[in-house]
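Q: Next come a sequence and a model predicted from it.
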Amino acid sequence: MWSVAARSSTGRGRFSSAAELVFASRSGAWQSAGVDAPYEISEQLEPGIARLLAHNPSAFTYYGTQTYLVGEGEAEVAVIDPGPADPVHVDAIVEAVGGRRLVAILCTHTHRDHSPAAAMLAERSAAQIVGCAPLALETVGPRADASFDGDYMPNRILGDGESIDIAGAALTAVATPGHTSNHLCYAYGDALFTGDHVMGWSTTVVVPPDGDMAAYIASLDKLRQRGDRIYFPAHGPPVTNPSQYVRHLIGHRMQRERQILRLVSEKPRDIPEIVANAYPGLDPRLTAAAGGSVHAHLLDLQRRGLVAEEGGEWRSG
């Protein structure tokens, strides 16, 4: 899932503007021969970490959801973000696990491209679903990026800093609310699985009421202070310069905040007008996602007393 300003951390698939990203979606780039990886094939990334790419490419998932298998040796393995409810993808995960014991099925959050396969995989393996909490969906409004998985039922919820053992190594939950209120990253040695909190191909969409911009930026700052060597996101290539990249993401959000403040200081504006001015030339299909992120910024600014809303229009506070 993504917002409308994007930049790859590795130079692969770099987009300098929303217009370029939209062009990529129109051209069907994720359906070309040069896909990010073969679909449903286990690819060893480094010792103890492999991935499978689900065949669910879209404007919100890039080439698809990346499912990670974590664990060294031939005894145990865990799965992170099993992906959409796709039997073919679940079959591929089972094949990749092979004769090893599946210790746990972990989800970073409960969007439908991340968690629905957890129940299917649990039925096939008897492994427990562990990790992020379910959401009370009745408190969540419409989403611009993806719907939530209302059937997600974990056997165990991990709190910030809680770990599970995978073949003698710790896999530790790192609470990172913002994109969703229940989002977790997972640390494994000096690698961090970042789900949708930090992605390798774009910025992250933050849509109220469940998405919270202040929480998202605070979670970015939390990661900035960790010093991980590499990030493995759910969408896009690995982030090999985490500290620099997170600083860039924080700077991007601060720049967007200043832009919104400038626009509403000129005159009262509603969200569609702010979007039209902040994202010139935006594909109409992306308007809702952009509006969601603008709304998240406005709510944060309102809590800080910097803007006020009346009759659907926002002005300087």
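A: On my side now, so go ahead.
Q: Could you pull up the residues touching the residue nearest to A37 when sequence neighbours are not counted?
A: Spatial nearest neighbour of A37, excluding adjacent residues (C-beta to C-beta, 6 or more residues apart in numbering): L53 at 4.6 Å. To be clear about C-beta, it is placed using only N, CA and C from the backbone, and glycine gets the same treatment. Listed by C-beta atoms under 8 Å, 6 or more residues apart in numbering, the contact set of L53 reads 35-41, 43, 63-67.
Q: could you say what helices and strands the longest helix seen in the chain packs with?
A: The residue-count maximum for a helix in the chain (DSSP state H) belongs to helix 242-266. Contacts defined by 3 or more C-beta pairs under 8 Å, 6 or more residues apart in numbering; DSSP states H and E place helix 242-266 against helix 213-224, strand 230-233, helix 271-278, helix 287-303, strand 313-316.
Q: hmm, try it at 7 Å
A: helix 213-224, helix 271-278, helix 287-303, strand 313-316 (3 or more C-beta pairs under 7 Å, 6 or more residues apart in numbering; DSSP states H and E).
Q: Which of those sits closest to H235?
A: helix 287-303 (14.4 Å; C-beta to C-beta).
Q: what's around the residue nearest to G73 when sequence neighbours are not counted, how many residues?
A: Nearest residue to G73, sequence neighbours excluded (C-beta to C-beta, 6+ apart): A167, at 5.1 Å. A167 is flanked by 18 other residues according to other C-beta atoms under 10 Å.
Q: residues in contact with A167?
A: Applying C-beta atoms under 7 Å, 6 or more residues apart in numbering to A167 gives the contacts G71, E72, G73, A75, E76.
Q: Mind giving me the PyMOL select for those residues, buried ones only?
A: To isolate the buried ones among these in PyMOL, judged by 16 or more other C-beta atoms under 10 Å, type:
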select buried, resi 71+76
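Q: between the contacts of A167, which is nearest L220?
A: Of those, the one sitting nearest to L220 (C-beta to C-beta) turns out to be G71, at 28.1 Å.
Q: can you tell me how far the closest one sits from H89?
A: 19 Å (C-beta to C-beta, to the nearest Å).
Q: Spit out the contact partners of E72.
A: P47, G48, A167, A169.
Q: Same list, these, but as a markdown table with distance to A308, pLDDT and secondary structure please.
A: As requested, these are exported to a markdown table (distance: C-beta to C-beta, whole Å; pLDDT from 0 to 100; DSSP: H, G, I helix; E, B strand; the rest coil):
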| residue | distance to A308 | pLDDT | secondary structure |
| --- | --- | --- | --- |
| P47 | 54 | 95 | coil |
| G48 | 51 | 96 | coil |
| A167 | 55 | 90 | coil |
| A169 | 51 | 96 | strand |
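Q: So how do I select the buried members of these in ChimeraX?
A: A single ChimeraX command suffices to select whichever of the contacts of E72 are buried according to 16+ other C-beta under 10 Å:
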select :48,167,169
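Q: can I assume T180 is in contact with P209?
A: No - if you go by C-beta atoms under 7 Å, T180 and P209 don't touch, sitting 10.9 Å apart.
Q: Tell me where this structure has strands.
A: 43-46, 49-53, 66-70, 76-80, 101-107, 128-131, 156-157, 163-166, 169-175, 184-188, 191-195, 230-233, 307-310, 313-316 (DSSP state E).
Q: center of this structure - which residue?
A: The structure's the chain has its C-alpha centroid closest to D196; by C-alpha atoms, centre = their mean the separation is 0.9 Å.
Q: wait, doesn't it sit right on A234?
A: Yes - contact status for D196 versus A234: in contact at 5.7 Å, counting by C-beta under 7 Å.
Q: can you give me the end-to-end distance of stretch 232-247?
A: Using C-alpha to C-alpha, to the nearest Å, the span of stretch 232-247 from its first residue to its last is 17 Å.
Q: Please list the residues outside it that contact it.
A: Residues outside stretch 232-247 that contact it (C-beta under 7 Å, 6+ apart) are 8-10, 12, 49, 61-62, 65-66, 68, 81, 108, 114, 191, 193-196, 198-201, 220, 223-224, 228, 230-231.
Q: Where does confidence bottom out across the contacts of A167?
A: For these, the weakest pLDDT value sits at G73, with 83.
Q: what sits against the residue nearest to Y39 when sequence neighbours are not counted?
A: Nearest non-adjacent residue to Y39, counting by C-beta to C-beta, 6+ apart: H55, 4.4 Å away. H55 sits next to Y39, E40, G64, H89 when contact means C-beta under 7 Å, 6+ apart.
Q: Let me know the closest of these to I271.
A: G64 (30.6 Å).
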